[in-house]
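Participant: Okay, here's the prediction I keep looking at, along with the sequence it came from:
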Amino acid sequence: MEIGTIITLAILAFIVFYFVGVYNRLVSLKNRFKNAYAQIDVQLTRRYDLIPNLVETAKGYMAHEKETLEAVIQARNQAASANQAAANNPDDAGAIQGIVGAEAMLTGAMGKFFALSESYPDLKASETMNNVMEELSTTENKVAFSRQAYNDSVMTYNTYKEQFPNNMISKHFNFKDAELFEVDEPEVRKAVKVSFS
């Protein structure tokens, strides 16, 4: 074989291996952020399971606050539904935006609930309520850590996907941008306060 042919074949082999390497890395990073969302899903599901217990415990004490209790349950159901859509397809930017919006509504409803519950000393003294609150507080911390891990994975994926010449490969194979799990309203960025001390 001629030297020119060998060099051409070597260059072509390098290009093929490079393209395969970039494609496989994109797939790996995409699967990593999908797995990171699965961790959020686990924590949010735990949180959604705790909220009805919280509301049921509070019903006996907050009988006159039926509207607030119903708003919490409605917001919880909408958030659980949005979370299911996002968990089924975490690379769908619309689904991620949907869960972010639903979580903002739930956080607002929970904030109103906690503000009203401060007016009920018997509720604050309830052992059952304090146990549920402790579990909810722990879960809130886990949600925050899971969101951070997800956002880190998304950032790594998006950065790799957008770098040159990786961006040409990602466009050719239709790798879409992943959406960060961000909350726009400053009051929603704060963790839900779940203390009755």
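Facilitator: Cool, the structure landed. Numbers count the residues shown, from 1 in each chain.

Participant: gap between stretch 106-115 and the chain center?
Facilitator: Centroid separation for stretch 106-115 versus its chain: 19 Å, with C-alpha atoms, centre = their mean, to the nearest Å.

Participant: Just the C-alphas of it, formatted as CSV.
Facilitator: Output in CSV follows, covering the C-alpha atoms of stretch 106-115 (Å, rounded to 0.1, in the frame of the first residue of the first chain):
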residue,chain,number,x,y,z
LEU,A,106,-47.3,23.5,45.8
THR,A,107,-44.7,25.5,47.6
GLY,A,108,-47.0,28.4,47.7
ALA,A,109,-49.9,26.3,49.0
MET,A,110,-47.7,24.7,51.6
GLY,A,111,-46.4,28.1,52.7
LYS,A,112,-49.9,29.3,53.3
PHE,A,113,-50.8,26.1,55.2
PHE,A,114,-47.8,26.5,57.5
ALA,A,115,-48.5,30.2,58.1
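
Participant: For the remainder of this discussion, apply numbering that starts at 48.
Facilitator: Got it, the first residue is 48 from now on, which makes the last one we talked about stretch 153-162.

Participant: averaged over its residues, what pLDDT does it have?
Facilitator: Within the predicted structure, the mean pLDDT of stretch 153-162 is 92.

Participant: for it, which positions count as buried?
Facilitator: Of all the residues in stretch 153-162, those buried under the rule 16 or more other C-beta atoms under 10 Å are 153, 154, 155, 156, 157, 159, 160, 161. All C-beta spots, glycine's among them, are computed from the backbone N, C-alpha and C.

Participant: And stretch 135-152, by the same measure?
Facilitator: Residues of stretch 135-152 classed as buried: 137, 138, 142, 143, 145, 146, 147, 148, 149, 150, 151, 152 (neighbour count, 16+ other C-beta under 10 Å).

Participant: So the fifth one is in contact with residue 133, correct?
Facilitator: Yes: with contact taken as C-beta atoms under 8 Å, residue 145 and residue 133 are classed as touching, separated by 6.7 Å.

Participant: which helix in the protein runs the most residues?
Facilitator: Longest helix in the chain by number of residues, with DSSP state H as the criterion: helix 50-106.

Participant: just how off-centre is it within its chain?
Facilitator: What separates the centre of helix 50-106 from the centre of its chain is 14 Å, taken as C-alpha atoms, centre = their mean.

Participant: ditto for stretch 193-208
Facilitator: For stretch 193-208, the distance to the chain centre is 12 Å (C-alpha atoms, centre = their mean).

Participant: For it, C-alpha coordinates in CSV please.
Facilitator: Included here for stretch 193-208 are C-alpha records, laid out as CSV according to Å, rounded to 0.1, in the frame of the first residue of the first chain:
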residue,chain,number,x,y,z
SER,A,193,-31.3,15.6,44.2
ARG,A,194,-32.2,18.8,42.3
GLN,A,195,-28.6,19.9,42.6
ALA,A,196,-27.2,16.6,41.3
TYR,A,197,-29.7,16.7,38.4
ASN,A,198,-28.7,20.3,37.5
ASP,A,199,-25.1,19.3,37.7
SER,A,200,-25.7,16.4,35.3
VAL,A,201,-27.7,18.6,32.9
MET,A,202,-25.0,21.2,32.9
THR,A,203,-22.3,18.6,32.1
TYR,A,204,-24.5,17.2,29.3
ASN,A,205,-25.4,20.6,27.8
THR,A,206,-21.8,21.8,27.9
TYR,A,207,-20.4,18.7,26.2
LYS,A,208,-23.2,18.8,23.6
